[in-house]
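S.K.: here are the coordinates; sequence isn't available:
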Ligand SMILES: Nc1ncnc2c1ncn2[C@@H]1O[C@H](COP(=O)(O)OP(=O)(O)O)[C@@H](O)[C@H]1O
Ligand SMILES: [Mg+2]
């Protein structure tokens, strides 16, 4: 029931949460420094070995799907309609033309989403929520604030589970959840009203439980799970620093002479996202179809 | 007679791989009360969720009347099988008891008159006349549970499924559940009831299904099940104290299982016990 955290035994898991937080910040900064589709793509590819190393490839791919949806939308819509584009690259049916400048803009934006998303997912999947909170406390973030953050992570799966029960409970009251769009919008009330009430009750209860365990006591608190910065963390940090320095160097001195972003790269990455998106749709339809055959739910 | 609920070789595997019920066969007929017993996690809830289609069998088949649950919508099945959830907070949310009662009929798009008739019947059955304008959230927990039950009954389903109706209830609440179950039966409903309350089953004197580790290990009248020491031990169950007491004392008819205090008193009176004067101490 613990948020997205995937307990595994890996190098990435054993890093101090603070190192990983810095890593996320590092990736965000890098994605802004490397303001070029080719380099962003390189960054994205470079992150993948870390996902592999953390042994979370499958859950990563599942959660990144959602961001890919954004990427496809941005790349397609911006590529065609963004007014900054002037140089046509290729045309699809109906005279819709993808233009170079807008494609660059859209690729940078969507790759950035994917890069930052990857880093964030990697962080959340490899860091125990309690460690996240204790890392924050070590950075002098107030304990109660760290706890709020932590409990938010933990309450999401609880709410999701309750939502499922409420949905079933309402269906047991003859609510048709597979109706028209209007019907579905109306269904939001019987879904969310009980869910809100239950969540409030739970949070209220939680506050009592916390008080019973001396949560608001003044003074320092110790943590059950100790995290320590070790040699692995230092090498990781130094590595990041080196890469950052290199990025800044490239940005300042080499960008002008570097022409990595070609029409072909842009076109292929656009088509690539379409293909992946197509796969997702096919998989989705297949599942729906299976559900229909398996029984009208 | 054709069973109303027919469960044939049903297994259910949850996504994630937990097999919650294994190869269950169960026929439930018109006019029956069936109690389902078993320790936590033995698959009781999973089994009854198949009756209104909330869960579809992974293998096997469930039929309600002549409806195959695999092919029907939950909302339609729910008009035949009313399922009262354990926690009324999941089910009730409207600002007044009256609206709560009419909600199911509205979902089924019944006419105004039809809805009125059914709501009226529920009001009569549950004696809710004085509480119609109360907000369910202002009622105490056993009253709320009753409102949840009434709102399911308002649709007039043939079957009513109660998931642990007495858990967390005070003595009065438990007695009320007993009354209601008997009343449902009299009104011609089939009652399926999940419970840990052996006393309640003793009082109902009904058919009892025992679940253990995803399998059905017993299905017989309560008096037979309660006197089967092996079954009781396997499922980790303890019969009602009075049954246990009667079993341990040779004095009583050894071929009978006593489920209630009243049944023992009856026996004593019938046998003209001299040294025991029944009812003199009260
Ligand atoms: N939604 C679910 N997903 C996965 N496993 C579940 C789910 N619901 C119940 N289970 C598992 O199925 C088994 C039977 O559960 P349940 O039918 O709720 O038992 P009972 O009602 O007898 O306590 C348990 O091992 C439980 O952990
Ligand atoms: Mg249960």
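M.R.: Alright, I've got the coordinates. Worth saying up front: this structure is predicted, and the values here are computed from it rather than measured. Residues are numbered from 1 along each chain as shown, chains lettered A, B, ... in the order given. Ligands and ions are numbered 1, 2, ... in the order given.
S.K.: Please make it C-alpha for all contacts and neighbour counts, starting now.
M.R.: OK.
S.K.: residue ranges with poor pLDDT in the stretch 151-282 of chain B?
M.R.: B:272-282 (pLDDT under 70).
S.K.: Let me see the confidence value for the residue in the stretch 1-150 of chain B that chain A sits nearest to.
M.R.: Per Cα to the nearest Cα, residue B:75 is where the stretch 1-150 of chain B lies closest to chain A, at 4.0 Å. On the pLDDT scale, residue B:75 is placed at 89.
S.K.: Report the buried residues of stretch A:276-289.
M.R.: Neighbour counts using 16 or more other Cα atoms under 10 Å in any protein chain shown place residue A:277 of stretch A:276-289 among the buried residues.
S.K.: so does that stretch get close to chain B?
M.R.: No: Stretch A:276-289 lies out of reach of chain B by Cα under 8 Å from any Cα of the partner chain, never closer than 13.8 Å.
S.K.: Need the contact partners of that stretch.
M.R.: A:68-69, A:72 (Cα atoms under 8 Å, 6 or more residues apart in numbering or on different chains).
S.K.: And stretch A:54-64, by the same measure?
M.R.: Residues from elsewhere that reach stretch A:54-64 (Cα under 8 Å, 6+ apart): A:6, A:8-13, A:51, A:114, A:117-118, A:121-122, A:125-126.
S.K.: So for that stretch, what gets flagged as buried?
M.R.: So for stretch A:54-64, counting by 16+ other Cα under 10 Å, buried means A:54-56, A:60.
S.K.: Report the distance from stretch B:14-32 to the chain centre.
M.R.: Mean-position distance between stretch B:14-32 and its chain equals 15 Å (Cα atoms, centre = their mean, to the nearest Å).
S.K.: now what about it, what contacts it?
M.R.: Stretch B:14-32 has contacts (Cα under 8 Å, 6+ apart) with B:1-13, B:34, B:41-43, B:46-47, B:60, B:185, B:188-191, B:206-207, B:213-216.
S.K.: Of these, which belong to helices?
M.R.: Of these, the ones assigned to helices by DSSP state H are B:46-47, B:185.
S.K.: Sort out which one of those lies nearest ligand 1 for me.
M.R.: Closest approach to ligand 1 among the ones in helices among the contacts of stretch B:14-32 (Cα to the nearest ligand atom): residue B:46, at 3.7 Å.
S.K.: Could you report the neighbour count for that closest one?
M.R.: Other residues within reach of residue B:46 by the criterion other Cα atoms under 10 Å in any protein chain shown amount to 21.
S.K.: was I right about it contacting residue B:56?
M.R.: No: here residue B:46 does not reach residue B:56: they are 9.9 Å apart, not a contact under Cα atoms under 8 Å.
S.K.: Check whether residue A:214 sits in a helix, strand or coil.
M.R.: Assigned with DSSP: H, G, I helix; E, B strand; the rest coil, residue A:214 falls in the coil class.
S.K.: How confident is the prediction for it, by pLDDT?
M.R.: With respect to pLDDT, residue A:214 scores 87.
S.K.: residues in contact with it?
M.R.: Taking Cα under 8 Å, 6+ apart, one finds nothing in contact with residue A:214.
S.K.: Report the secondary structure element holding the residue of the stretch 1-150 of chain B closest to chain A.
M.R.: Assessed by DSSP states H and E, residue B:75 sits inside helix B:74-77.
S.K.: right, and the helix or strand after that helix?
M.R.: strand B:81-84.
S.K.: avg pLDDT for the helix or strand that that following strand is followed by?
M.R.: The helix or strand immediately downstream of strand B:81-84 is helix B:97-107, counting by DSSP H and E. Confidence over helix B:97-107 (mean pLDDT, whole number) is 93.
S.K.: now helix B:97-107, how far from the chain's geometric center?
M.R.: Worked out by Cα atoms, centre = their mean, helix B:97-107 lies 22 Å from the chain centre.
S.K.: can you check stretch B:30-43 too?
M.R.: On Cα atoms, centre = their mean, the centre of stretch B:30-43 falls 7 Å from the chain's centre.
S.K.: That stretch spans what distance, first to last residue?
M.R.: 24 Å (Cα to Cα, to the nearest Å).
S.K.: now stretch A:126-146
M.R.: The first-to-last residue distance of stretch A:126-146 comes to 18 Å (Cα to Cα).
S.K.: Going by neighbour count, list what's buried in it.
M.R.: Buried residues in stretch A:126-146, counted by 16+ other Cα under 10 Å: A:126-137, A:143, A:146.
S.K.: one step back: which ones among the contacts of stretch A:276-289 map onto helices?
M.R.: Short answer: those in helices (DSSP H) are A:68-69, A:72.
S.K.: Which among the residues you listed count as buried?
M.R.: With neighbours counted by 16+ other Cα under 10 Å, those contain buried members at A:68-69, A:72.
S.K.: got the residues of chain A near chain B?
M.R.: Close to chain B, as judged by Cα under 8 Å from any Cα, chain A has residues A:165-166, A:168-176, A:190, A:193-195, A:197-198, A:294-297.
S.K.: Give me the ChimeraX select line for these, limited to the buried ones.
M.R.: Those of those that count as buried under 16+ other Cα under 10 Å are selected in ChimeraX with:
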select /A:165,166,168,169,170,171,172,173,174,175,176,190,193,194,195,198,295,296,297
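S.K.: and the residues of chain A next to chain B near ligand 1, which?
M.R.: Near ligand 1, judged by Cα under 6 Å from any ligand atom, there are no entries from those.
S.K.: Can you report phi and psi for the residue most central in space within chain B?
M.R.: Centroid check for chain B by Cα atoms, centre = their mean gives residue B:193 as the closest residue, at 1.6 Å. Main-chain torsions, residue B:193, degrees, to the nearest 10: phi -140, psi 120.
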